[in-house]
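[1] Everything below, folded, please.
(2 chains)
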Amino acid sequence: EDQVTQSPEALRLQEGESSSLNCSYTVSGLRGLFWYRQDPGKGPEFLFTLYSAGEEKEKERLKATLTKKESFLHITAPKPEDSATYLCAVQPSGNTGKLIFGQGTTLQVKP
Amino acid sequence: NAGVTQTPKFQVLKTGQSMTLQCAQDMNHEYMSWYRQDPGMGLRLIHYSVGAGITDQGEVPNGYNVSRSTTEDFPLRLLSAAPSQTSVYFCASSTRAVGKNEQFFGPGTRLTVL
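    Below you'll find the predicted structure:
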């Protein structure tokens, strides 16, 4: 069964304190792994797509990496505006556009 | 481009009532999907479509119907609302082009069933 697990569920950081969020997955053929950011009361906002093990993508203070079993979202020197829920999703093989989401990690960055 | 739009933003229904949640996209995307988001459950796929005239069930399809008569629109119908359908509903779309599969989400519809 295709499954995505994110950890931790919640993370509190001081401004400038770097950390990583984890996304473990089991899927019958990976077409892509996606990271989204979601602010309260809004729809998920796309951050990154990773397609193969060893791939890395960066955007400002965020860096996403991918292995055969998990992905990490590294947050370097976070700021309060990085506070949000971060969602990981996998797209199984097959051309359907279906996504399987993890439950998310809620990040709070205190000034 | 407006991207993905959803109406209404909020809705309160009584048990047994029916309604349609609207979703439209102006990016000429082939794929469209409906998800529901509940606390502690993440986003779960209700129904999806790979093109006009083609729909299929996702993880939690019971109590919902969809149709896709045009590329742009993908309405979600609740046939007889139940309190268990209280949730936030998101519509999403994406292209099927290789390497461009990211889904774009609408702002959501918050539904309460009394």
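[2] Please count neighbours and contacts with C-alpha atoms only from this point.
    Noted.
[3] Pull out the buried residues from stretch A:104-111.
    A:Gly104, A:Thr105, A:Thr106, A:Leu107, A:Gln108, A:Val109, A:Lys110 (16 or more other Cα atoms under 10 Å in any protein chain shown).
[4] Let me fix that, I meant to ask about stretch B:1-13.
    B:Val4, B:Thr5, B:Gln6, B:Thr7, B:Leu13.
[5] Can it be said to contact chain A?
    No - Stretch B:1-13 is not in contact with chain A by Cα under 8 Å from any Cα of the partner chain; minimum separation 10.2 Å.
[6] Which residue, neighbours along the chain excluded, lies closest to A:Ala89?
    A:Phe101 (4.2 Å; Cα to Cα, 6 or more residues apart in numbering or on different chains).
[7] How many neighbouring residues does that neighbour have?
    Around A:Phe101 there are 26 other residues, counting by other Cα atoms under 10 Å in any protein chain shown.
[8] One more: B:Gly106?
    Look at B:Gly106: counted by other Cα under 10 Å, it has 24 neighbours.
[9] State the distance from it to chain A.
    Distance, B:Gly106 to chain A, by Cα to the nearest Cα, to the nearest Å: 6 Å.
[10] show me what contacts the closest residue to that residue other than its chain neighbours?
    Of all residues not flanking B:Gly106 in the chain, B:Val4 sits nearest, at 4.7 Å (Cα to Cα, 6+ apart). With contacts defined as Cα atoms under 8 Å, 6 or more residues apart in numbering or on different chains, B:Val4 is in contact with B:Cys23, B:Ala24, B:Gln25, B:Asp26, B:Cys91, B:Ala92, B:Ser93, B:Phe104, B:Phe105, B:Gly106, B:Pro107.
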